[in-house]
Each structure stands twice: as C-alpha cells, then as structure tokens.
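Mind looking at a prediction? Sequence and model below.
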Amino acid sequence: EQLAEAGTLPCTSTWLDLGVDHAAGARPGSVKRTARTEDHATRCARIQLIPTALKWRDMLTQMAATAAGLYAVECNPIPLWQLRTMRKHAFRAAWRSTFRCAPEIAFSVFLHWRTDPLAVAAVAPLVYLNGVIARQVRRPEDLVWLWAHCTEAFAGPIAAARQAFKLAGLSGTLRACSNAAGATLDLLGATAHEVKTFALDAFRATQLAALAARRGPFEPCADGIDIWASAAILRSKKWTEQKKAMLRTVMAGGAVPQAVAAKWSPQGALCPFCRLEEEDNHHRYCTCPQWGGIRMQILGLSLIHISE
C-alpha cells in the first residue's frame, strides 16, 4: 500500500502467484503456465509407483496431485487442454492399468470425485460463489449483475463459474440453473451440499452420455449408474486386492475379448473356447457355453431349478 501511494509500485499484466497464472486479457499458453501441469504430472508419476491398494492411491492423487494442480480453480478458469492433461495423469496414477478402461466409469464409480480435475473444475467454482453469499461477502444481486455483464472475461470467479457450466452441461443463470434433465436449482440460495450434488450429478451425466456415444457397449450408462450397487462387491473383505482390481478393470471396459484381440492377432474374432460365434464381452460373460457351469454357480442355480 505504501508503494502504491508513493507511485513506485510496478505493474504487469500477468503474474505468478503460488503456481497460478493470472491474466487480465486472453490467456495464451506459456512456459510459466505449463509449470502447473508438469508439477502435477511429476506427483502422479510418483504415486503410480507406490505398491498399495486403489483407495490409498486414490487418496494420494486427490490430496497431493489434483489439489496442487488445481489450486485456486474456483478463482480463475484453467484451460481445457490443461484439465484434460491432468485428468490423464490422475487416472494413470490412481488406476494404474488404463488400457481400454473408460475414465468416465472409473471416476464416476470407483474414485473420489476430487481425484478428477475435470470434476473439480465443474463443481468448485459454483460452490465457491455459493459460499460468497453464505459468508455475506457479496450480495446475491451483485453476482447476478456480474454474471449478466461479465460474459467475455478470461479470469476471475465468474469466468471460472462459466467454465463449470460448460463442463457440467448446465444452462441458465446463477438464480435458475438447469441440467440436461431439466431440473433447476438456485445456486445462490441453495446450501453448499445441494450445489455440489447438483453440479456433480450433472457433470457425471454429461460424461456418461459422451461415453455412451463414443463406445457402444456403454450405451446403457447414458441412463445413469447405480454407484452403490456397482461397487458393493468390491467392499467385501474376503476378496484380495488383485481380484478386486481385475473386476474393476472389466467393469471399466478394460477386458480384451477375442473381437478386440483380432485387431492385432491372426486368430480372428471367433471365440477360442466354443468356436460358435464372435467373442465380445457379452458373449464371454453371458452366453459362452464354456463358462455355463460357472455362471450357474455364481447365480446359485442348477439344471433342476432351470427346468422347473
């Protein structure tokens, strides 16, 4: 303040504060701004090497990597290319074996939402604006006015909130925010928990819809996933971590049936066990006669029960 009063305070259009690059105008890529991504990638690479269970890698990734990489994301938007790069690193750190696995399933069902940089960028700015009203830092009408007039801002909480709207597939205003299903919420009048749940559910629905459009076998996921039921068996203490990892990989789309292996194998797409039809995931787990006995054991059935 004394320097400013004396007129000797140097001013710049861009500065670096705790790893966050703030700019008043357009935000082109720069060497300084890649430092955030490089630090996040380094932390994720170290976490990936730790020989521990998924829940611990998940916790380390969200607390040591994503939290650092997305510092102050609620105050300034992070470019989408950086968010996607950090998401790729976070997924590899927590999940390890990412071949053919859908990150949308992994982040929605098995990993904490704060591990996912895209999810944090879609939720944190909206919760932050809600907290501004709850703490009486600003009046609701102030934020409504800023939302209506700051439409081209590249920095600041309003710009971060607009980016959150795009990531979560939201529309409308802060007072009447709507998701893809048509549900509406007053982001400034609701509780912080309601805002977080609303934004997170909308983000997950958007991600699953994109996954369903990209990969046919996941098309039913566009209608939503029962997260509790999907992860119920993995909470069993009787299962080893290796078995849980195998099941998680299959559920996330990481299995390699013969129909996929045929892309690089000369054996073709025919099922190597029954030789009756092309082996995809549905054939392998649901219809292949080779594994009929195992399926009946799992379901607690017998031929007598089926005939009855």
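Here it is on my side, so go on.

Buried residues, stretch 184-200. List them.
The neighbour-count check on stretch 184-200 (16 or more other C-beta atoms under 10 Å) flags Leu185, Leu187, Leu188, Ala190, Val195, Lys196, Phe198, Ala199, Leu200 as buried. (Glycine included, C-beta is placed from N, CA and C.)

same check, this time on stretch 92-105
For stretch 92-105, the neighbour count (16+ other C-beta under 10 Å) marks Arg92, Ala93, Ala94, Trp95, Arg96, Thr98, Cys101, Ala102, Pro103, Glu104, Ile105 as buried.

Mind putting these into TSV with pLDDT, distance to Cys286 and secondary structure?
Listed next are these as TSV, based on pLDDT from 0 to 100; distance: C-beta to C-beta, whole Å; DSSP: H, G, I helix; E, B strand; the rest coil:
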residue	pLDDT	distance to Cys286	secondary structure
Arg92	95	30	helix
Ala93	96	33	helix
Ala94	95	29	helix
Trp95	94	25	helix
Arg96	89	27	coil
Thr98	86	25	coil
Cys101	93	20	coil
Ala102	93	19	coil
Pro103	94	25	helix
Glu104	95	23	helix
Ile105	94	19	helix
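
Regarding Trp264, what is its secondary structure?
For Trp264, the assignment made with DSSP: H, G, I helix; E, B strand; the rest coil gives coil.

Give me the distance between it and Val132.
Per C-beta to C-beta, to the nearest Å, Trp264 is found 54 Å from Val132.

Between these two, point out the one with more neighbours.
Set Trp264 next to Val132 and count neighbours by other C-beta atoms under 10 Å: Val132 wins out with 18 against 6.

Show me what the helix or strand that contains the more buried one is packed against.
Secondary-structure assignment from DSSP states H and E places Val132 in helix 117-134. Helix 117-134 sits against helix 80-95, helix 140-149, helix 157-168, helix 192-214, with contacts defined as 3 or more C-beta pairs under 8 Å, 6 or more residues apart in numbering; DSSP states H and E.

quick check: mean pLDDT across it?
Averaging the model's pLDDT scores along helix 117-134 yields 94.

mind listing what's buried in it?
Of the residues in helix 117-134, 117-130, 132-133 count as buried by neighbour count, 16+ other C-beta under 10 Å.

just stretch 229-241 next, same as before
Those would be Ala231, Leu234, for stretch 229-241 by 16+ other C-beta under 10 Å.

Over it, what's the mean pLDDT, rounded is fine.
The average of the pLDDT scores along stretch 229-241 is 84.

likewise stretch 42-50?
Mean per-residue pLDDT for stretch 42-50: 94.

from the chain's centre, how far out does stretch 45-57 sit?
Distance, stretch centre to chain centre, for stretch 45-57: 18 Å (C-alpha atoms, centre = their mean, to the nearest Å).

Between the buried residues of stretch 92-105, which sits nearest Gln242?
Nearest to Gln242 out of those is Arg96 (C-beta to C-beta; 12.2 Å).

and the nearest residue to the closest one once chain neighbours are set aside, what does it touch?
Of all residues not flanking Arg96 in the chain, Gln48 sits nearest, at 6.1 Å (C-beta to C-beta, 6 or more residues apart in numbering). Gln48 is in contact with Arg57, Arg92, Ala93, Arg96, counting by C-beta atoms under 8 Å, 6 or more residues apart in numbering.

Right, I'll leave it there.
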